[in-house]
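**Student:** Quick one: sequence and predicted model below, then my questions.
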Amino acid sequence: MTADYLLIDVGNGRTKLGLATRDALLDRRDLPTHGVSQDEIRQIVAGWNFRRSVIASVVPAVVPVWRQAFPDLLELRHDTPMGIGIRYPKPESIGQDRLANAVALAHLHGAPGIVIDFGTAVTFDILSADKYYIGGVIAPGLRLMTDYLHERTALLPQVELCEPASAIGTSTVAAIQAGAAIGYRGMIRGILEALKKELPQGQPVHVVATGGDAGWIIAGIGEEIAVDPDLTLHGLRLVGNLAALSHV
């Protein structure tokens, strides 16, 4: 079977790959972003048959390597057909992954809406009721914050992030875990509350979370937030569909 797309989501640390038809993801793989070679690309896609490749990258320097492997590569840009508009002063400065997330939000969940993407940074991207990308928020990612805490202090260890047993930590590790989970959720709630106040009142706001830490962080937020770990890949799939219709 030949699938329609190879979907490539290049993050700061890892690159996620998806094999997809026009309607669904069939398989997923991933590899480190930096230092990727042609041999590694051939190995990671071995056994996958597809017609076209679509990429969103937050690391521009690695795009030529992927383009060398797939000369017909479609790179998601602000001027790529997306089925949404952009109402933003410098649209070329919007991260490609953020555009993919906004596309998936609009087509799969609805507008107005907010995407929360838990990566190296946590990003909030906002879609207006008339399906325009209008801006967002960028804050440090959870692991970036805890790693920095370890690196910049003499006595605080690097810890495995997990749900704390209680808010009162009875060890250094437990105290860091409580600060990370409870404090980070407080930040997420605060940003969401501020964003919702600036969106038109009287209609539901669709909120979707994605990224590595989305599941366990959102589980303790206490709000109705959908979690879709493949949101960015779905956005690329939809961009591929729109490009096929417009013959890009």
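**Tutor:** Here it is on my side, so go on. Residues are numbered from 1 along each chain as shown.

**Student:** and the least confident helix or strand in the chain by mean pLDDT, what other elements does it pack with?
**Tutor:** The helix or strand of the chain with the poorest confidence is helix 142-151; it has a mean of 77 (mean pLDDT, DSSP states H and E). Contact partners of helix 142-151 among helices and strands, from 3 or more C-beta pairs under 8 Å, 6 or more residues apart in numbering; DSSP states H and E: helix 172-198. (Each C-beta comes from the backbone N, C-alpha and C, glycine too.)

**Student:** And the helix it packs on, what does it pack against?
**Tutor:** Using 3+ C-beta pairs under 8 Å, 6+ apart as the contact test, the elements touching helix 172-198 are strand 113-118, strand 121-127, strand 132-140, helix 142-151, helix 214-219.

**Student:** can I get the ones you listed in TSV with mean neighbour count?
**Tutor:** Converted to TSV, those look like this (neighbours: other C-beta atoms under 10 Å):
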stretch	mean neighbour count
strand 113-118	26
strand 121-127	23
strand 132-140	17
helix 142-151	16
helix 214-219	18
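
**Student:** By mean pLDDT, show me the worst of the ones you listed.
**Tutor:** When the helices and strands packed on helix 172-198 are ranked by mean pLDDT, helix 142-151 comes last with a mean of 77.

**Student:** contact partners of that one?
**Tutor:** Residues from elsewhere that reach helix 142-151 (C-beta atoms under 8 Å, 6 or more residues apart in numbering): 118, 120-122, 140, 156-159, 161, 176, 180, 184, 213, 217.

**Student:** quick revisit: so can I have JSON lines of the helices and strands packed on helix 172-198 showing distance to residue 165?
**Tutor:** Shown next, in JSON lines, are the helices and strands packed on helix 172-198 (distance: least, C-beta to C-beta, whole Å):
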{"stretch": "strand 113-118", "distance to residue 165": "22"}
{"stretch": "strand 121-127", "distance to residue 165": "24"}
{"stretch": "strand 132-140", "distance to residue 165": "25"}
{"stretch": "helix 142-151", "distance to residue 165": "17"}
{"stretch": "helix 214-219", "distance to residue 165": "14"}
